[in-house]
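*Asks:* After the sequence you'll find the predicted model.
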Amino acid sequence: MRSIQPTSRFAGDDGTADAELVRLVAGLSTGTSSLREVVARLSQTRVLVPVLAEAEATSTVARDGVEHQVDSEASSGVVALESPDGRRALPVFSSVEAMRAWRTDARPVPVEARRAALSAVDERWSLLVLDPAGPATVLVPRPAVWALAQGVEWVPALVPGPDGPTVDADVARAVADAAAPVQHVVRAHAEPGRKAEVAVVLALDPGLDRAGLDTVLGQVNARLAAAKVVADRVDSLELRIAAAR
């Protein structure tokens, strides 16, 4: 995590949270703000990255005739959390108070949110978790982390629609373009997922056996993974099979 180092820019930081970020995070639960707005604000603020001491070696010493194990060498480093789906996430905090609620032994290192995102990307950690011990926790998805790291605006794959969330037109087009050339795919479209962010719904030629179905799904998966818009914008995908009509 070489890119996470304290700088003189934050020499006067008093450890309090950015007021606008706090307002936007609070608004997520009431629907008065969006995750896109939270990420946009994060790109303009500093976060606190926790550094924890870790013993690397121990030795035995005798005191009053009793042997004790003591740390003879120690180092400090940044830790990762594990998300429910198994991906690793870098914890970041809006304030010293929020960090203390998580771990009282963590040392706060103030950095720009972009630098924190860059470090997560360098470590191949997919996510950021803002204030994991509350008062309100925000999971920043992989595409947003990449956007933060690159200093570009994050545009979510799902956007508001008249009847609820819908897949952004550019993402839907990229999904259809990726799946269409695969043999036995009659149609493909994208919609909000049930277990993943986006579902790719495939209408296939009837009569495919199990081996043929596995081949089609493998080819669709490979083409989706190679599609830049899908890779840049979609956090997670699921495939569903629909009847061809």
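*Replies:* Thanks, I have it.
*Asks:* Now do Val198 against Leu239, distance only.
*Replies:* For Val198, the distance to Leu239 equals 10 Å [CB to CB, to the nearest Å]. Heads up, the C-betas are built off the backbone N, CA and C, glycines and all.
*Asks:* Equivalent analysis for Ala227, please.
*Replies:* As judged by CB to CB, Ala227 and Leu239 stand 14 Å apart.
*Asks:* what does Pro206 give?
*Replies:* For Pro206, the distance to Leu239 - CB to CB - is 18 Å.
*Asks:* Which of those two has more residues huddled nearby?
*Replies:* Leu239 (17 against 9; other CB atoms under 10 Å).
*Asks:* Excluding sequence neighbours, find me the nearest residue to the more buried one.
*Replies:* Val200 (5.3 Å; CB to CB, 6 or more residues apart in numbering).
*Asks:* give me the low-pLDDT residue ranges for this structure?
*Replies:* Along the chain, segments meeting pLDDT under 70 span 1-8, 11, 54-76, 244-245.
*Asks:* Ala40 is in what secondary structure piece?
*Replies:* Here Ala40, judged by DSSP states H and E, is contained in helix 35-42.
*Asks:* which helices and strands sit right next to that helix?
*Replies:* Contact partners of helix 35-42 among helices and strands, from 3 or more CB pairs under 8 Å, 6 or more residues apart in numbering; DSSP states H and E: helix 19-30, strand 138-140, helix 142-150.
*Asks:* Would you agree Asp13 falls within a helix?
*Replies:* No. Looking at Asp13 with DSSP: H, G, I helix; E, B strand; the rest coil, it is coil, so not inside a helix.
*Asks:* isn't it right next to Arg46, touching?
*Replies:* Yes. If you go by CB atoms under 8 Å, Asp13 and Arg46 touch, sitting 6.9 Å apart.
*Asks:* what is in contact with these two at once?
*Replies:* Residues touching both Asp13 and Arg46 (CB atoms under 8 Å, 6 or more residues apart in numbering): Pro110.
*Asks:* who has more neighbours, the two?
*Replies:* Arg46 (21 against 13).
*Asks:* residues contacting the residue nearest to Ala176 when sequence neighbours are not counted?
*Replies:* Among residues not flanking Ala176 along the chain, Ala188 sits closest, at 5.3 Å (CB to CB, 6+ apart). Contact analysis of Ala188 by CB under 8 Å, 6+ apart lists 175-176, 178-180, 200-203, 220.
*Asks:* The helix or strand hosting the residue nearest to Leu239 - which strands sit beside it in the sheet, and in what orientation?
*Replies:* Using DSSP H and E, Val200 sits within strand 198-204. Note on strand 198-204: by DSSP bridges, its sheet partners are strand 185-192 (antiparallel), strand 237-242 (parallel).
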